[in-house]
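K.L.:
Sequence first, predicted model second:
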Amino acid sequence: MPFPFTLPTTSSFSFSTYFGSDSHPSLPLSASTYRGVLRDALKKHKRLPPPEQSPHLASILLSLNNYVPYLLAIDSGLGSQLIAGEEFDVVLKSTPTVEWRPTLSDSALPGREKGRLKIQSLEFEIYFVLSTLAYTYTLLSRSSLQPLYSSAASSPSTEARTLAIQTATKHLLSAASIHAYLSHRSDSVASPPPCIDITKSTFSALSSLALAEATLLAVSKDDPYPAVIAQDRNKHDKEWMIKAPEIPKVRAHLFARLCLAAAEHAANALALLGASTGKGVGKIDSGLVGYVDDLRRMGRGKACRFFGIDSELGGKNGEGIAWLHAGMHELGFKSGEGEAKKGLSFGRLKKGWEEKREDRRVEKGSHWGADAGRAEEQRVLEMLEKKWVKMNDTINTQAIPPIGPLVATMPSGREIHSLKPFIPPVLDASTLESMRAPPDRSDDYGDGSSGEEDEKQEPVGAFPGTKEDYSSSSTYY
């Protein structure tokens, strides 16, 4: 958690070829320059190994923030809109043609990335660029949270954990605002989008997804149980040698309603992603759909845990155990009651292997958290169930009610975040004034290849790096 988006790549493009401005002649060249920097940064990011991609996100964010004002200035100039109180005039010379590689569309051939898509609209260029900005914010939130799940070093302090979660929440809310802005902006476009990545329903779904993730982070900031589980599994953590972890009383009922709100947002995102499919724009990536469904399950399972904690704090131990069973049911797992008596089993070995594989993903920074935290929540439920069942069997024996009536009594969710509208950046007056001068060089950013030659596709079934072995030859032996 959050979702590991893949940043798209794009072809070279010269704004001066397709756009001109009598009021600000240097604007097309400036836009081409900053777009060229963004293109190179995206290409470099794609080639970097996963551990080096997180530090490179700051460069991607800077390139996007530099390019977006010029892109939106050209769009505003086409509509003769005022920018910073100045008249802005941009004329269209010919229909622009640019290529972007979709990353949310499901590939027709498993194991091969989708080819670049040719678009002929400045509006769709804006969609791809702002979507990339939102993906970057989401990846920055993942980068902030990674130390909390790493087992290569000792567990972070409470202050460091709180700061990481607050930073990640800020990035997720920024991503949600951008997606919501794109969803609203797409209402005014009549032409159908060329792929599912930039449809209105996809924008709305991603906004709901980011809001769901931010809501769950608000709970994680004050939820001590995942930190205790991570501390127990971390071999480098030595705090247990000094004192046992302190688990403060939590505002269980409030946290449960926040988790239900997150689950509702995830369910809304899942429905919107399903509505996007089958409209002639392709199919959404199955990994994203599975992640959203896992996030919905995890939100409801975590809510059941907090309802159980609330019951246990009120002396209703049997009802608390039933809530834990309901949480396991919501997560899609069987209750672990009695599993400790079975000794060594294939399921236990498989679970341990999956945990070690997830730890390696966290260390490498490669697609960790793809289950949206379901496995982590399962470990918390199993820890509490083991403790409470032992207490119920020895001290305060109570009947464990069925989970069906309990789940039916769950209230509605409660919101904690309100999305601030995304305000598109604009060029300042001094920058606009400097572009009234004629360009000092030619705009050659559209010359040359589109960059496909350095992203050659391997033949289907070929081992990476052996493309030449499969090429045809005219030599006879």
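P.N.:
Arrived safely, thanks for sending.

K.L.:
mind listing the strands for the stretch 101-250 of the chain?
P.N.:
Per DSSP state E, counting those that start in this stretch, the stretch 101-250 of the chain carries strands over the ranges 117-119.

K.L.:
so where's it shaky on pLDDT?
P.N.:
Residue ranges of the stretch 101-250 of the chain with pLDDT under 70: 108-111, 151-154, 230-250.

K.L.:
try it again with 80
P.N.:
107-114, 149-156, 227-250 (pLDDT under 80).

K.L.:
What strand or helix carries residue 422?
P.N.:
Per DSSP states H and E: residue 422 is located in neither a helix nor a strand.

K.L.:
Counting neighbours, what do you get for it?
P.N.:
20 (other C-beta atoms under 10 Å). (Each C-beta comes from the backbone N, C-alpha and C, glycine too.)

K.L.:
One more: residue 49?
P.N.:
9.

K.L.:
Over to residue 428?
P.N.:
For residue 428, using other C-beta under 10 Å, the count is 11.

K.L.:
ditto for the one 4 residues further on
P.N.:
Around residue 432 there are 19 other residues, counting by other C-beta under 10 Å.

K.L.:
hang on, it is in a helix, isn't it?
P.N.:
Yes - assessed with DSSP: H, G, I helix; E, B strand; the rest coil, residue 432 lies in a helix.

K.L.:
Distance check, it against residue 290.
P.N.:
The gap separating residue 432 from residue 290 is 47 Å, by C-beta to C-beta, to the nearest Å.

K.L.:
cool, and residue 218?
P.N.:
Residue 218 is 24 Å from residue 290, by C-beta to C-beta.

K.L.:
What of residue 164?
P.N.:
For residue 164, the distance to residue 290 - C-beta to C-beta - is 26 Å.

K.L.:
So those two - more neighbours on which side?
P.N.:
residue 164 (21 against 14).

K.L.:
quick one: contacts for the closest residue in space to that one that isn't next to it in sequence?
P.N.:
Nearest non-adjacent residue to residue 164, counting by C-beta to C-beta, 6 or more residues apart in numbering: residue 144, 4.9 Å away. When contacts are counted by C-beta atoms under 8 Å, 6 or more residues apart in numbering, residue 144 touches 164, 165, 167, 168, 171.

K.L.:
Now for the residue nearest to the fourth one when sequence neighbours are not counted, how many residues are close by?
P.N.:
Counting by C-beta to C-beta, 6+ apart, the nearest residue to residue 168 once its immediate chain neighbours are dropped is residue 141, at 3.8 Å. Taking other C-beta under 10 Å as the neighbour definition, residue 141 ends up with a count of 28.

K.L.:
Next one: residue 141 from residue 169, what distance?
P.N.:
Residue 141 is 8 Å from residue 169, by C-beta to C-beta.

K.L.:
Then residue 56?
P.N.:
For residue 56, the distance to residue 169 - C-beta to C-beta - is 22 Å.

K.L.:
likewise residue 322?
P.N.:
Separation of residue 322 from residue 169 (C-beta to C-beta): 32 Å.

K.L.:
do the same with residue 208
P.N.:
16 Å.

K.L.:
between those two, which one's more packed in?
P.N.:
residue 208 (26 against 23).

K.L.:
close enough to count as contact, the more buried one and residue 269?
P.N.:
Yes - shown here, residue 208 and residue 269 form a contact pair, counting by C-beta atoms under 8 Å, at 4.0 Å.

K.L.:
ok, now which ones touch residue 428?
P.N.:
Counting by C-beta under 8 Å, 6+ apart, residue 428 has contacts residue 84.

K.L.:
how many other residues sit next to residue 180?
P.N.:
Counted with other C-beta under 10 Å, residue 180 comes out at 22.
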